[in-house]
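> structure for this input, please:
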Amino acid sequence: MRKRLARPRTGEQRAAGSSRLAWQLVLWACALASVAPLFAARHLPFTDLPEHVAAMSTLRHWFDPAWPDAQIYALSGRGSPYLAYHVCGALLTALVGDALRANLLLLTAAGLAIPFATRSLLRAFDGDERLALFACVVFWCRPLALGFLPFMAAVPVALAVIAAVVRQAAEPTLRRGLVLAASTLFAFYLHLDAFILIVAVAVAVHLAPTRHAPTEGFLRRFSRLPVRLAWLAPAAASTCAWVLLARSDAGGEILGHGSIQFEPVEQLPADFAAWTHGIWRPRVDTLLGVMPWVLLLPLAANVRVPERGGARGLLERCIPFACALALFVLVPFQVGVTSMLGVRLAVFLLPCLLVVVRPDPGRLSAAVFAGAALLAGAVSVEAAVEVYRADRAEASGVDDMLALVSPGSRLLTLDFVTVSAYSALPPWFHIGALHRLRGGGVASVSFSEVPHWPFRFRPGQDPPHVPGRSLEWQPCRFRNALDGPYFDYVLARGHVEPFRESPPGPAWRQAGHAGDWALYAKIPGVQIPATRSDQGPCGMVLGR
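This next block holds a predicted model:
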């Protein structure tokens, strides 16, 4: 057979191809720049990060007889909403030998994936792929700074799944349906917020009068919904099982017996600004957080009715943004012991809005995209500088102190400084949890003390608990006679010496001091009698 000769490309086609390649390279450069600050320091100033790393390490060594964790903790029978992240981290820990490094790989993958998942979403809606450059700034947001790592990993997963949902609605295939079934189940066990967004968009895409169902009425579309969304069945079954078990586990603490709180509507604009950036102390962070929206203004006039699909096509591409905005407003701030739920969805608003915009070809659009690339670089530079400064100035010496803690022992962290000079959020509350990477044990205040964590303390293994008291936020409420007998070490940050006045209870000695950190070790068998009242490490008389 004669081979069909390829038709030579015209000069205009070659120029268009070169332009697309150039913008793809720019996207790769910006995506790599967005994750580069993760490598600027050993200790990232993300509040909950050490707890997630400790969970990975515990899972990795669950059957290791040299580690005491299986005797200290019990695995949650209902499954944790963060299970997928922790299992992936445990598997990576087994491969690379270090939970911190495994977590760094997961975070890097999540940060890299966000712009490319956004590009996939744009492709699904026939959008301009260059708009994905704006998604490179999404990674550095408040959920990341708070250490909500499973949620951050769920962001690109949700965007990619939504893109697949749109393609499945337009052209259903068995293969894509199976992929959607697996990926939505994975998203559910990453974070509930992402899963809810996927479900909302899937339902809306199939119920709305989009260009893929131009002749079907609403009742017809509604009646066919169970068939078209059959791929949601595994995740729906897991959701039902999780809710039923959550109601029975720990006395229903997770759902809180109706303890549901919503953010006031007037507070939502401030929440949007805070949760989409609001990480660093310097004012430049606020400026950089506003810039994506400023750069998008010249393209706002291009929210036009598309040639393909007409008004139905415009309605279809508004669905992800409308769903994300509705959930941002309607999802409660707190349900039981879980909080900051709806406000996190602010992170999805920018990627979903990009689907609506339709840039015209020309120099103005090219200039806007170039500005987006420069903005991504500026956000990355600021993040790298602040991460480096926070680690050097505030976490320096903590590794030396943790190296003095015996593996398998019980450590309490008291952060008397609370605030950071670099992060807008308190980053070091849980850094003592890194002690568990060296042989297991207890590091309090621990998320194992709350019911939605994958590990719960076994009866008799948990730290002392006083209702209304949180040593995480209120270290001055530490009382040696109450808390001291449980712990073997106390790691303190700041200039407060918790045992300076020899409070009643076990005796302690300073085992080490470096930077802002001091480590105290319990002196076995020595007790200080209660000859006077204990005013605590801050000299405060507090009722318990």
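> now the helices for the stretch 351-500 of the chain?
Residue ranges of the helices in the stretch 351-500 of the chain, as given by DSSP state H, counting those that start in this stretch, are 363-394, 398-402, 480-483.
> now residue 375, nearest residue through space, not along the chain?
Spatial nearest neighbour of residue 375, excluding adjacent residues (C-beta to C-beta, 6 or more residues apart in numbering): residue 291 at 5.1 Å. C-beta here means a position set from N, CA and C on the backbone, and glycine is covered the same way.
> same question, residue 500
Spatial nearest neighbour of residue 500, excluding adjacent residues (C-beta to C-beta, 6+ apart): residue 537 at 7.8 Å.
> SS state for the one you found?
Under the three-state scheme (DSSP: H, G, I helix; E, B strand; the rest coil), residue 537 adopts coil.
> any idea how far residue 268 is from it?
Between residue 537 and residue 268 the distance, using C-beta to C-beta, to the nearest Å, works out to 39 Å.
> which one of these two has more residues nearby?
residue 537 (24 against 17; other C-beta atoms under 10 Å).
> which ones are touching the more buried one?
The contact partners of residue 537, taken as C-beta atoms under 8 Å, 6 or more residues apart in numbering, are 414, 416, 475, 476, 478, 492, 496, 497, 498, 499, 500.
> swap in residue 119?
With contacts defined as C-beta under 8 Å, 6+ apart, residue 119 is in contact with 27, 129, 132, 135.
> which of these tops the neighbour count?
Ranked by neighbours (other C-beta under 10 Å), the contacts of residue 119 are led by residue 135, which has 30 neighbours.
> could you measure from that residue over to residue 123?
When distance is defined by C-beta to C-beta, residue 135 is 13 Å away from residue 123.
> and the closest residue to residue 128 other than its chain neighbours, how far from residue 85?
Ranked by C-beta to C-beta, 6+ apart and with sequence neighbours excluded, the top spatial neighbour of residue 128 is residue 359, at 5.1 Å. When C-beta to C-beta is applied, the distance between residue 359 and residue 85 equals 35 Å.
> more neighbours, these two?
residue 85 (26 against 18).
> ok now whichever strand or helix holds that one, how far from the chain's centre?
Assigning secondary structure by DSSP states H and E places residue 85 in helix 83-96. When distances are taken as C-alpha atoms, centre = their mean, to the nearest Å, helix 83-96 is centred 16 Å away from the chain's centroid.
> heading C-terminal from it, find the next helix or strand.
Once helix 83-96 ends, the next helix or strand along the chain (criterion: DSSP H and E) is helix 99-124.
> thinking again about what came up before, ramachandran coordinates for the residue nearest to residue 500?
phi -70, psi -20 (degrees, to the nearest 10).
> quick one on the thing from earlier: can you redo the contacts of residue 537 as CSV with neighbour count?
Conversion of the contacts of residue 537 to CSV gives the following (neighbours: other C-beta atoms under 10 Å):
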residue, neighbour count
414, 26
416, 17
475, 25
476, 17
478, 25
492, 26
496, 18
497, 13
498, 24
499, 21
500, 9
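> what helix or strand is the residue nearest to residue 375 on?
Using DSSP H and E, the secondary-structure element containing residue 291 is helix 284-300.
> against which helices or strands is that helix packed?
Counting by 3 or more C-beta pairs under 8 Å, 6 or more residues apart in numbering; DSSP states H and E, the packing neighbours recorded for helix 284-300 are helix 268-276, helix 363-394.
> need the longest strand for this protein.
Longest strand in the chain by number of residues (criterion: DSSP state E): strand 517-528.
> contacts for that one?
Contacts with strand 517-528, where a contact means C-beta under 8 Å, 6+ apart, come from 397-398, 400-401, 404-405, 480, 484, 487-493, 497-499, 502-513.
> buried subset of those residues?
For the contacts of strand 517-528, a neighbour count by 16 or more other C-beta atoms under 10 Å gives the buried set as 397-398, 401, 405, 480, 484, 487-493, 498-499, 503-508, 511-512.
> where does the stretch 251-400 of the chain have low pLDDT?
Counting by pLDDT under 70, the low-confidence segments of the stretch 251-400 of the chain come to 251-258, 301-310, 336-337.
> cutoff 90 now
In the prediction, the stretch 251-400 of the chain carries residues with pLDDT under 90 at positions 251-266, 268-271, 273-274, 276-278, 281-290, 297-317, 332-342, 357-366.
> contact partners for residue 134?
For residue 134, the set of contacting residues under the criterion of C-beta under 8 Å, 6+ apart consists of 118, 292, 295, 296, 350, 351, 354, 372.
> go again with 10 Å.
Under the criterion of C-beta atoms under 10 Å, 6 or more residues apart in numbering, the contact partners of residue 134 comprise 30, 115, 118, 291-293, 295-296, 299, 350-351, 353-354, 357, 368-369, 371-373, 375-376.
> now do the SS call for it.
With three-state DSSP as the criterion, residue 134 reads helix.
> give the partner strands of the longest strand of the chain in its sheet and their orientations.
strand 489-493 (antiparallel), strand 505-514 (antiparallel) (DSSP bridges).
> so which bits of it are buried?
Within strand 517-528, the residues that qualify as buried are 517, 518, 519, 520, 521, 522, 528, counting by 16+ other C-beta under 10 Å.
> now residue 45, nearest residue through space, not along the chain?
Leaving out its chain neighbours, the residue that sits closest to residue 45 by C-beta to C-beta, 6+ apart is residue 427, at 3.5 Å.
> so what's the one you found up against?
Applying C-beta under 10 Å, 6+ apart, the residues near residue 427 are 43-50, 145-147, 387, 390-391, 394-395, 415, 419-420.
> how about it, phi and psi?
Reported as degrees, to the nearest 10, the phi and psi values for residue 427 are phi -90, psi -10.
> from residue 194, how far off is it?
If you measure residue 427 against residue 194 using C-beta to C-beta, the figure is 24 Å.
> got it, and residue 340?
Computed with C-beta to C-beta, the distance linking residue 340 and residue 194 is 14 Å.
> neighbour count for the two, which is higher?
Relative neighbour count places residue 194 above the other of residue 340 and residue 194, with 29 against 17, counting by other C-beta under 10 Å.
> would you agree the more buried one falls within a helix?
Yes - checked against three-state DSSP, residue 194 lies within a helix.
> which residue is the nearest non-sequential neighbour of residue 371?
Nearest non-adjacent residue to residue 371 (C-beta to C-beta, 6+ apart): residue 295, at 4.9 Å.
> report the contact partners of the one you found.
Going by C-beta under 10 Å, 6+ apart, residue 295 touches 133, 134, 367, 368, 369, 370, 371, 372, 374, 375.
> test my guess that the first one contacts residue 354.
Yes - with contact defined as C-beta atoms under 10 Å, residue 133 counts as touching residue 354 (9.4 Å).
> residues near residue 221, how many?
Counted by other C-beta under 10 Å, the residues lying close to residue 221 total 16.
> thinking again about what came up before, for the residue nearest to residue 45, give its distance to residue 398.
Distance of residue 427 to residue 398, given as C-beta to C-beta: 12 Å.
> so what sits against both of those two?
Common neighbours of residue 427 and residue 398, using C-beta under 10 Å, 6+ apart, are 43, 391.
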